[in-house]
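A.B. asks: model this:
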Amino acid sequence: MNTIAAKVVRKVQEAEDIFSFELISADSTPLPPFSAGSHIDVQVSRDITRQYSLCNDPIEEHRYLIGVLRDPNSRGGSMAMHDTVNEGDVIQISAPKNHFPLGHAKRFLLFAGGIGITPILSMAERLTRINADFDMHYCARAMERTAFHDRIKASPFANNVHFHFDAGSVEQKLDLINLIARPEPDTHIYVCGPTGFIDHVVGTAKGLGWTSEQLHLEYFGAAAQDTTADTEFQVQIASTGNLYVVPADRTVIQILEENGIEIPTSCEQGVCGTCITRVLSGTPDHRDMYFTDQEHAKNDQFTPCCSRATSKILVLDL
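C.D. replies: Presented below is the predicted three-dimensional model:
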């Protein structure tokens, strides 16, 4: 990726297992602008690049702010950010990208689960600035695990925010069914957080009659896949005609890389979209969290970092 040298000017513990990192341009050149819902790629080490949502006000042009949860099941990214990245360090980042943009609506319902508060917080800043009608519901295990709590309580939108704690009393817990019981045509729902949290909000909303066009979501990680029934298949490179076998326990990316064909990757979980590759023939077995159901149905592109094939051969536009 084309990178920007960014200096870590502040590293703050925002909650249990969550640090924020404030980044500025290392050479004093202006940072690229961003919109609410954006993320940046962070090159944590030579071999590890991860995506983190920007959680500051999009009007700020002098800095980026990210929040990072230390995940015990981390593949190395979040632990490295917590343990090895410190104030004064210069790290490489990408320009902001936005796969989770705010659309147009009369009213907005924002749902954040845990570290999913990061893009939602940026959205709240933007919606406040344009005097939009919104409510934000922030769910966390307990107060001590609630990042940016003090910032939110001191913000101009504090009265729009409702906190819900797993460890709290029954009456303060998220009553999702009552909150979204009646679909409102001019209201849109935005949700970010763990896979189970997103699936609960989206599944409940769809069951109550909300349309897909009203539901906007961003996953931070892919759900675990049952790979016991995986079988081998082949990929063919359209430009050369070369065929390569992808065993049941390997990914397309791994096999192609071993044969000198490199496809840019980042998250390696089908979340970020970096590795998207066009499919000219064959049927992918989509396992990403990036494409919509309608895009999956077209079967004209897939994420080779995690997706496979239901046909014997996939012909790739490479």
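
A.B. asks: to what extent is Arg182 buried, counted in neighbours?
C.D. replies: 9 (other CB atoms under 10 Å). Bear in mind the C-beta positions are built from the backbone N, C-alpha and C, glycine included.

A.B. asks: contact partners for it?
C.D. replies: Arg182 is in contact with Leu208, counting by CB atoms under 8 Å, 6 or more residues apart in numbering.

A.B. asks: relative to Ala297, how far out is it?
C.D. replies: As judged by CB to CB, to the nearest Å, Arg182 and Ala297 stand 30 Å apart.

A.B. asks: scan the chain for its longest strand.
C.D. replies: The longest strand of the chain (DSSP state E) is strand 4-15.

A.B. asks: and that one, how far out from the chain's middle?
C.D. replies: 19 Å (CA atoms, centre = their mean, to the nearest Å).

A.B. asks: what sits up against the helix or strand following that strand?
C.D. replies: Per DSSP states H and E, strand 4-15 leads on to strand 18-25 as the next helix or strand towards the C-terminus. Around strand 18-25, the neighbours that count as contacts under CB under 8 Å, 6+ apart are 4-14, 31, 55, 62-70, 81-82, 85, 91, 93, 115, 145, 147-148.

A.B. asks: kindly recompute the last result at 6 Å.
C.D. replies: Residues from elsewhere that reach strand 18-25 (CB atoms under 6 Å, 6 or more residues apart in numbering): 6-14, 31, 63-69, 82, 147.

A.B. asks: buried ones from those residues, can you make that a ChimeraX selection?
C.D. replies: Applying 16 or more other CB atoms under 10 Å to those leaves a buried subset, and the ChimeraX line that selects it is:
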select :6,7,8,11,14,31,63,64,65,66,67,68,69,82,147
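
A.B. asks: in the stretch 101-250 of the chain, which spans are strands?
C.D. replies: 107-113, 133-140, 161-165, 187-193, 215-219, 233-237, 243-246 (DSSP state E, counting those that start in this stretch).

A.B. asks: any chance of JSON lines for the ones you listed, columns mean pLDDT, distance to Arg278 and mean neighbour count?
C.D. replies: Shown next, in JSON lines, are the strands of the stretch 101-250 of the chain (pLDDT from 0 to 100; distance: least, CB to CB, whole Å; neighbours: other CB atoms under 10 Å):
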{"stretch": "strand 107-113", "mean pLDDT": "97", "distance to Arg278": "34", "mean neighbour count": "23"}
{"stretch": "strand 133-140", "mean pLDDT": "97", "distance to Arg278": "38", "mean neighbour count": "21"}
{"stretch": "strand 161-165", "mean pLDDT": "96", "distance to Arg278": "42", "mean neighbour count": "17"}
{"stretch": "strand 187-193", "mean pLDDT": "96", "distance to Arg278": "28", "mean neighbour count": "24"}
{"stretch": "strand 215-219", "mean pLDDT": "90", "distance to Arg278": "23", "mean neighbour count": "20"}
{"stretch": "strand 233-237", "mean pLDDT": "95", "distance to Arg278": "12", "mean neighbour count": "19"}
{"stretch": "strand 243-246", "mean pLDDT": "95", "distance to Arg278": "17", "mean neighbour count": "15"}
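
A.B. asks: poorly predicted segments of the chain, please.
C.D. replies: Across the chain, the ranges flagged by pLDDT under 70 are 1, 74-75, 221-225.
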